[in-house]
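1. Got a sequence here, can you build the structure:
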Amino acid sequence: MRIAFKIFLTLAVLLATSSAALAERFAINSPEGRLSVYFEVDSQGRLTYSASRSGQPVLLTSPLGFEFKKHPKLGKKVEILKTEERTVDEVWYPLYGERDKETNFFNEGSLFLRDTGENLDYRVVCRVYDDGFAFRTIIPPQKGFGSFELMAENTHFAFPDDHSAWWILDNWDTYELIYSNTPVTQIGKVDNPLNPEHTHGASRGDAPHGCNTPVTMETKDGLFLAIHEAMLTDYAGMTLVLADESTPTLKSQLVPWPDGVKVRGEAPFETPWRTVQVASSPGGLVESSMILNLNEPNKLGRVDYIKPMKLLGVWWSMHLGAETWGMEGGRHGATTENVKRYIDFAAANGFDGVLVEGWNTGWESWYKDDNFDFTTPYKDFDLEGITAYAREKGVELVGHLETGGQIESFEERLVPALDQYERVGVTSVKTGYAGKIRPPGQYHHGQWMVRHYRKVVEEAARHGITVNAHEPIKDTGIRRTYPNMMTREGVRGMEWNAWSRGNPPEHTVNIAFTRGLAGPMDYTPGIFDITFKNTGDKYQFWNKIDGLETKGRLHSTLARQLALFVVLYSPIQMASDLPENYQGHPAFQFLRDVPVDWGLSGVLDGKLGDYIAVVRESEGDWYLGAITDENARTLKVPLDFLAKGRKYQVTTYKDASDAHYETNPTAYKIDKTELVAGEVKEMELPLAPGGGIAIQFKAL
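-> Numbering: from 1, shown residues only. The predicted model follows:
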């Protein structure tokens, strides 16, 4: 485990107290000077901002404002009282991550403002990095502003052109959707035919439709942008909708409480950071640490229990229908005997833990009542015996807390459940929130649930337990502040391949450039039985697709399943297939070898919607993963990431020459060779349709 959070900080504060001179325009430049953000009060008295990169417009003049019940139009009549500037250049060391060292280097400008129409003083803070910028609003306690109810946040993002955008519908209960690619002006207006389960009309209420964040864009001038938020704390999740029907301008739309209020609380009022990442390549977006850096340093004291893990799981068999979470039908998966089998396999192959779902009673009542019991095992599962057995084998048992959306009853039982896990030595838990939130009217992504998700993370930390949240609120970088919040789902993951038409090859390419920008992603890759051939008659889920009944399957080659362990970052990675599908399989060696914690990471090549190649380093060894969409292609990538003059053993797991994700998905080839870094300058990566490649460069 790394030593965490040694911070070296250089801070320069420059103070300016002008009002009239600064009222026209206040500029903050990035450290290298290429990216600039401008704030000004327009001729109507509105506070606005804009941005440019090397003189090229990134955002046109965009208004900022808020509507409260007591102060309906904050931001319409604004004066700049003074400004402050500072530069921060710090290095900090995360406990785990894509890099073992993070540099947080930005110029910051603070605008102290007075809204003369509402008679309120407030502040806008903007940080400008070389790879993007972020801003937030803070209203301190003052006469006339104590408790508040926010009805609308009117943050606009006015783009100079109708950029090509990759987005998912702003369903307020799920991020588990296939990404659409349209112009900005079509966001929220079209249905993706690959999302039949969550159509345009399946969203909520009569609010305008738009998209969740992150939303990623490509401009005609070769820039790449991503809009998201950072440090989401006690606030509603932000979605984006078109400001009007004719221009490529998005504005914030917050997920509401049942009564329509968006955010309620006591002053100070503080928004999350509204973030705009800017890069000259899509890989530049992926490599950015801005979202993480915008969060506060580690607040936890004890961190010895926080460690990356590579898992197996009593999980996939239930999604196939071969086993069940509950005891109905005599096919219960979480039995003492079955879990011991997984533990033995994990121990024999160097895995850190085994996730066990469905060990606790109440699964038969899911969606019916509040009978989930988070502490009572089914009669065929010995919790204390299993955890003791796992310890003897050097393997962690990873607990599970599925709520079924029953939030109030879960909160009543949260502490006893964590007490029990702590007592038996469980230090990692997966939570779940599948289904509609109860009480009715609350949404997964509203302020009420944001508070709940944070409560769980904080309570877990008090018990020395890490969290992997499924059906979560979006990641906004809080793992810097609460490093026990290690990973989360928030994506249409592997299980959709078991009981729907599945995820197309383009999906995992797209989520690397969209959802992956937010933070670690528990996609659960690693299925070797691509067509579920080995499940046979035990497979339970048959789907009607386009009028025909068909068995589920992955739209992937086997080599691609290996590559995903490198392409999609998570400090908790679960090799999700059944042990019997790994036993004796030569390609399983890559899953034994590949780490889940990294010293360095980078994107060698990538194109939105088409392909991506990622490389990561751990203890001197390098791992490369590349995947493509439904089209075959050969990438040519540089090898300058290797230590020059160093000899490496190179093991390549690649698609066979006749591999194809639909017709021949399990055809693969393993090659071994040696090279001296610097003597070989580049490497070709052949990718079959829907395929991938995984390479280990082991330093000799």
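2. From now on I want contacts and neighbour counts done on CA atoms only, so please keep to that.
-> Will do.
3. what's in contact with the helix or strand harbouring residue 622?
-> For residue 622, the element it lies in under DSSP states H and E is strand 621-628. Strand 621-628 has contacts (C-alpha atoms under 8 Å, 6 or more residues apart in numbering) with 505-506, 509, 560, 562-567, 594, 610-617, 642, 685, 687-699.
4. Off-centre distance for it?
-> In terms of C-alpha atoms, centre = their mean, to the nearest Å, the centre of strand 621-628 is found 20 Å from the chain centre.
5. what about the chain, any weak spots by pLDDT?
-> 1-23, 196-206, 367, 369-370, 539, 541-550 (pLDDT under 70).
6. Let me see the domain layout of it.
-> 8-293, 298-490, 502-510+539-700 (automatic domain parsing).
7. got these as CSV, with distance to residue 533 and mean neighbour count columns?
-> CSV is the format used below for these (distance: least, C-alpha to C-alpha, whole Å; neighbours: other C-alpha atoms under 10 Å):
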stretch, distance to residue 533, mean neighbour count
domain 8-293, 24, 20
domain 298-490, 11, 20
domain 502-510+539-700, 9, 20
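8. Select, out of those domains, the one closest to residue 496.
-> domain 502-510+539-700 (5.4 Å; C-alpha to C-alpha).
9. gap between the two ends of the closest one?
-> 41 Å (C-alpha to C-alpha, to the nearest Å).
10. Stretch 434-445 too?
-> 13 Å.
11. Residues contacting it, please?
-> 172-174, 236-237, 255-258, 367, 402-408, 448-450, 470-474.
12. go on, stretch 322-335?
-> Contacts for stretch 322-335 (C-alpha under 8 Å, 6+ apart): 314, 317-318, 356-359, 361-364, 378, 380-382, 535, 538-540.
13. among those residues, which are in strands?
-> 314, 356 (DSSP state E).
14. Inside helices: which ones of the contacts of stretch 322-335?
-> The helices, defined by DSSP state H, take in 317-318 from these.
15. How about the contacts made by residue 513?
-> Residue 513 touches 216, 282-283, 285-286, 608, counting by C-alpha under 8 Å, 6+ apart.
16. Backbone torsions only: list them for it.
-> Dihedral pair for residue 513: phi -100, psi 0, per degrees, to the nearest 10.
17. ok, it to residue 666 distance?
-> Counting by C-alpha to C-alpha - residue 513 and residue 666 are separated by 26 Å.
18. And what about residue 50, helix, strand or coil?
-> Following DSSP: H, G, I helix; E, B strand; the rest coil, residue 50 is assigned to strand.
19. Spatially nearest residue to residue 28 (excluding sequence neighbours)?
-> Nearest residue to residue 28, sequence neighbours excluded (C-alpha to C-alpha, 6 or more residues apart in numbering): residue 37, at 5.3 Å.
20. The one you found and residue 50 touch, don't they?
-> Yes - the pair residue 37 and residue 50 passes the contact test of C-alpha atoms under 8 Å, sitting 5.8 Å apart.
21. was I right about residue 659 contacting residue 557?
-> Yes - judged on C-alpha under 8 Å, residue 659 makes contact with residue 557 at a distance of 7.2 Å.
22. Spit out the residues that contact these two alike.
-> 665-667, 691.
23. Between those, which sits nearest residue 344?
-> Among the shared contacts of residue 659 and residue 557, and counting by C-alpha to C-alpha, the member closest to residue 344 is residue 666, at 26.3 Å.
24. Please give me every residue in contact with the closest residue to the closest one other than its chain neighbours.
-> Spatial nearest neighbour of residue 666, chain neighbours left out: residue 558 (5.1 Å); criterion: C-alpha to C-alpha, 6+ apart. The neighbours of residue 558, taking C-alpha under 8 Å, 6+ apart as the test, are 527-528, 530, 655, 665-668, 691.
25. at 7 Å instead, please
-> Residue 558 is in contact with 528, 665-666, 668, counting by C-alpha atoms under 7 Å, 6 or more residues apart in numbering.
26. Residue 134 too?
-> Here residue 134 is in contact with 126-128, 273-276 (C-alpha under 7 Å, 6+ apart).
27. 10 Å instead, please
-> Residues in contact with residue 134 (C-alpha atoms under 10 Å, 6 or more residues apart in numbering) are 37, 108, 125-128, 227-230, 272-277, 290-291, 294.
28. In helices only, show me these.
-> 290-291.
29. Present the domains of the chain as TSV; the columns should include distance to residue 521.
-> Converted to TSV, the domains of the chain look like this (distance: least, C-alpha to C-alpha, whole Å):
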stretch	distance to residue 521
domain 8-293	12
domain 298-490	6
domain 502-510+539-700	5
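30. coming back round to it: out of the contacts of residue 558, which is nearest to residue 634?
-> The closest of these, once distances to residue 634 are taken by C-alpha to C-alpha, is residue 668, at 15.7 Å.
31. how far away is the closest one from residue 524?
-> For residue 668, the distance to residue 524 - C-alpha to C-alpha - is 21 Å.
32. and what of residue 93?
-> Taking C-alpha to C-alpha, one finds residue 93 at 27 Å from residue 524.
33. Please apply the same query to residue 183.
-> For residue 183, the distance to residue 524 - C-alpha to C-alpha - is 31 Å.
34. can you check residue 134 too?
-> Counting by C-alpha to C-alpha - residue 134 and residue 524 are separated by 31 Å.
35. again with residue 681
-> 33 Å.
36. Now do the strands in the stretch 51-200 of the chain.
-> 56-63, 66-68, 78-92, 102-115, 120-129, 132-139, 147-153, 156-158, 164-167, 180-183 (DSSP state E, counting those that start in this stretch).
37. what would the ones you listed look like in JSON lines with distance to residue 423?
-> As requested, the strands of the stretch 51-200 of the chain are exported to JSON lines (distance: least, C-alpha to C-alpha, whole Å):
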{"stretch": "strand 56-63", "distance to residue 423": "53"}
{"stretch": "strand 66-68", "distance to residue 423": "46"}
{"stretch": "strand 78-92", "distance to residue 423": "33"}
{"stretch": "strand 102-115", "distance to residue 423": "35"}
{"stretch": "strand 120-129", "distance to residue 423": "44"}
{"stretch": "strand 132-139", "distance to residue 423": "42"}
{"stretch": "strand 147-153", "distance to residue 423": "41"}
{"stretch": "strand 156-158", "distance to residue 423": "49"}
{"stretch": "strand 164-167", "distance to residue 423": "43"}
{"stretch": "strand 180-183", "distance to residue 423": "46"}
